[in-house]
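Visitor: need coordinates for the below:
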Amino acid sequence: MQSVQISAGASVVDITPPLEVGLLTSSVKGEYGAFKSVRLPLKARVLVLGSSDLVAIVALDLLALNDTSVGGWEAFKKGMSDRIAPERIILTCTHTHSAPESVALSELYLTKEYRSWLGVVQQGIREGIEQAIKALRPCTVELTTRELNGYSLQRRIAVKDRIIMSDSVQPISEELMDRGPVDRRVRTVRLKDAAGEGIATLVHAICHPVHEMCLPHISSEFPGEMCLELERFPSNGVPIFLNGAAGDTNPPTVSLGAFYARRHGQALARMAEMQGGEARIDSSVVKCAHREVQLAVRKEAKVANKLDGLARISAIRTGSLAIVFLPGEPFVETALAIERSSPFEHTIVVGFGENNVGYIPTEAAFELGGYEVGPGKWSFLEKGADEIMYNSALKILEELL
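Guide: Sure, this is the predicted structure:
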């Protein structure tokens with residue numbers, strides 16, 4: 001029998017905004033508009049792990065957050081807990097595009113309605129962490145890996161002398177679906193107590209949640225649908241979705257509505273619930289590491305706050321499993337390279353971690369161009385940021401050995 005030394009606790013809190021805290025309608029034009037309704041509420045899902053030194057993973061049903069949009073990252077993080085240090089609270093966003101415009105691409109972040117809601121988010125995270133700490137109990141950890149086909153593709157398509165996105169060539173042909181690179185793996189991390197009851201189920205997959213993009217309702221999109229499905233069975237504990245390096249990965253159905261988000265989420269849930277092939281992970285200790293790297297910002301992108309380019313990278317490790325949290329929107333190629341070079345048997349690379357630093361294109365992507373390259377507030381880093389991210393991720397992984 002594996003000795004059980006670390007403990008885990010999980011919780012869920014609601015962070016749904018009022019309708020006037022609106023959605024992004026154009027990143028290029030910096031425009032937003034009010035929501036008309038709530039289809040699926042937005043949640044903060046919290047997992048606390050550890051023994052004496054605790055670490056919290058907080059998955060938010062949000063587009064992203066950055067230094068500008070929260071009015072200063074350090075102050076925002078310090079208000080989340082008196083019991084866990086800010087650098088040991090790891091934020092990540094599901095990147096649903098049916099949540100408020102929360103990365104200062106427009107002037108929404110300057111409104112009193114937005115600032116009030118942001119305070120609700122901060123307080124909600126604080127309450128969620130406290131609830132998860134109270135629920136701590138010894139745990140075991142299991143990992144499974146599946147593959148889900150038909151729900152994601154390489155969205156950057158070369159047409160003559162330019163790059164277009166896959167949503168402009170609907171319907172998607174089999175030829176386009178078969179293009180790479182794309183990572184369709186679904187990694188599921190199950191944490192169970194000594195009696196075998198579920199504490200939390202972490203599901204990692206890689207795809208932009210844009211089935212409902214620009215539709216005027218609030219929605220946690222396919223990650224929320226997945227969680228709803230898993231919540232039907234108490235054995236799953238608290239379901240938590242972790243998005244991967246989805247900077248160049250889309251679903252084949254963009255802005256086609258709730259039916260497709262629901263179908264995608266339920267398919268992920270089925271993958272997570274499949275039995276067999278579980279790898280038992282040594283859960284006798286949890287280690288956490290954090291580092292910060294200032295990335296160079298392109299002048300033509302007109303990003304006024306230098307701290308929006310500060311990459312905050314975190315990682316946790318238990319046994320042979322390491323999870324790296326990268327900021328912004330890295331490409332799938334970068335994540336795969338990190339995984340190949342990782343010193344751990346199992347490495348999961350999560351995107352949209354901590355503060356948003358925009359798209360992180362590869363050198364090849366810069367040469368080809370396209371929306372993800374910018375320049376603009378959505379893509380403002382200098383060429384070479386992907387290599388810096390790769391090297392920084394490997395250094396932080398080495399710290400966990």
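Visitor: just checking, Leu336 is part of a helix?
Guide: Yes - going by DSSP: H, G, I helix; E, B strand; the rest coil, the assignment for Leu336 places it inside a helix.
Visitor: now the closest residue to it other than its chain neighbours: how far from Ala335?
Guide: Nearest residue to Leu336, sequence neighbours excluded (CB to CB, 6 or more residues apart in numbering): Asp183, at 6.4 Å. Using the backbone N, CA and C atoms, a C-beta is placed for each residue, glycine as well. The span separating Asp183 from Ala335 equals 7 Å under the rule CB to CB, to the nearest Å.
Visitor: which residues do those two both contact?
Guide: Counting by CB atoms under 8 Å, 6 or more residues apart in numbering, the contacts common to Asp183 and Ala335 are Ile206, Gly244, Ala245.
Visitor: adding pLDDT, write the residues you listed out as a markdown table.
Guide: A markdown table is the format used below for those (pLDDT from 0 to 100):
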| residue | pLDDT |
| --- | --- |
| Ile206 | 98 |
| Gly244 | 98 |
| Ala245 | 98 |
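Visitor: tell me the one among the residues you listed nearest to Ala104.
Guide: Minimum separation from Ala104 among these (CB to CB) is found for Ala245, which lies at 22.5 Å.
Visitor: that closest one: neighbour count?
Guide: Residue crowding around Ala245 was assessed by other CB atoms under 10 Å; the count is 29.
Visitor: list the contacts of the closest residue to it other than its chain neighbours.
Guide: By the measure of CB to CB, 6+ apart, the closest residue to Ala245 outside its immediate chain neighbours is Ala335, 3.5 Å from it. With contact taken as CB under 8 Å, 6+ apart, Ala335 is in contact with Asp183, Ile206, Gly244, Ala245, Leu326, Val349, Gly351.
Visitor: average pLDDT for the longest helix that the chain contains?
Guide: If you go by DSSP state H, the chain has its longest helix at helix 112-134. Across helix 112-134, the average pLDDT comes to 98.
Visitor: how far out from the middle of the chain is that helix?
Guide: 18 Å (CA atoms, centre = their mean, to the nearest Å).
Visitor: which of the residues in that helix are buried?
Guide: Buried residues in helix 112-134, counted by 16 or more other CB atoms under 10 Å: 113-114, 117-118, 120-122, 124-126, 128-133.
Visitor: so which of these comes closest to Gly374?
Guide: Closest to Gly374 out of these is Tyr114 (24.1 Å), distances taken as CB to CB.
Visitor: quick check: pLDDT value at the residue lying closest to Asn250 once chain neighbours are set aside.
Guide: By the measure of CB to CB, 6+ apart, the closest residue to Asn250 outside its immediate chain neighbours is Arg155, 3.7 Å from it. The predicted local distance difference test score for Arg155 is 97.
Visitor: neighbours around Arg155, how many?
Guide: Taking other CB under 10 Å as the neighbour definition, Arg155 ends up with a count of 29.
Visitor: then Asp183?
Guide: Residue crowding around Asp183 was assessed by other CB under 10 Å; the count is 22.
Visitor: where in this protein is pLDDT low?
Guide: Counting by pLDDT under 70, the chain shows low-confidence ranges at 1-4.
Visitor: need the longest strand for it.
Guide: Using DSSP state E, we find that the single longest strand of the chain is strand 137-147.
Visitor: for the very next helix or strand once past that one, packing partners?
Guide: Reading on from strand 137-147 to the C-terminus, the next helix or strand found by DSSP states H and E is strand 153-154. Using 3 or more CB pairs under 8 Å, 6 or more residues apart in numbering; DSSP states H and E, the elements in contact with strand 153-154 are strand 249-250.
Visitor: please enumerate residues in contact with the strand it packs on?
Guide: The contact list for strand 249-250, computed with CB under 8 Å, 6+ apart, reads 152-155, 165-167, 182-183, 206-208, 210, 332.
Visitor: what are the contacting residues of the helix or strand that comes right after that strand?
Guide: Tracing the chain past strand 249-250, the next element assigned as helix or strand by DSSP H and E is helix 258-273. When contacts are taken as CB under 8 Å, 6+ apart, the neighbours of helix 258-273 outside the stretch itself are 39, 146, 148, 150-151, 186, 188, 201, 203, 205, 207, 209, 211-212, 219, 221-230, 233, 236, 239, 241, 251, 253.
Visitor: would you map the helices across this protein?
Guide: 67-70, 73-78, 112-134, 174-177, 221-230, 258-273, 332-341, 363-368, 385-399.
Visitor: do you know which of these lies nearest Asp161?
Guide: Each of the helices of the chain was checked against Asp161 via CB to CB, and the shortest separation belongs to helix 363-368, namely 9.4 Å.
Visitor: by contact count, what packs against the closest one?
Guide: Under the contact rule (3+ CB pairs under 8 Å, 6+ apart), helix 363-368 is packed against strand 156-159.
Visitor: again, 6 Å this time
Guide: Contact here means 3 or more CB pairs under 6 Å, 6 or more residues apart in numbering; DSSP states H and E; on that basis helix 363-368 packs against no helix or strand.
Visitor: any buried residues in that helix, and which?
Guide: Going by neighbour count (16+ other CB under 10 Å), the buried part of helix 363-368 is Ala365, Phe366.
Visitor: with only the CA atoms kept, save that helix in CSV.
Guide: Extracted in CSV, the C-alpha atoms of helix 363-368 (Å, rounded to 0.1, in the frame of the first residue of the first chain):
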residue,chain,number,x,y,z
GLU,A,363,9.4,31.8,-34.5
ALA,A,364,7.8,30.0,-37.5
ALA,A,365,4.4,31.7,-36.7
PHE,A,366,6.1,35.1,-36.7
GLU,A,367,7.4,34.4,-40.2
LEU,A,368,4.0,33.4,-41.5
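Visitor: returning to that earlier point: return the member of the contacts of Ala335 nearest to Pro86.
Guide: Using CB to CB, Leu326 is the member of those that sits closest to Pro86, with 18.2 Å.
Visitor: for that closest one, what are its contacts?
Guide: Residues in contact with Leu326, defined by CB atoms under 6 Å, 6 or more residues apart in numbering, are Gly351, Gly353, Met389.
Visitor: that'll do, ta.
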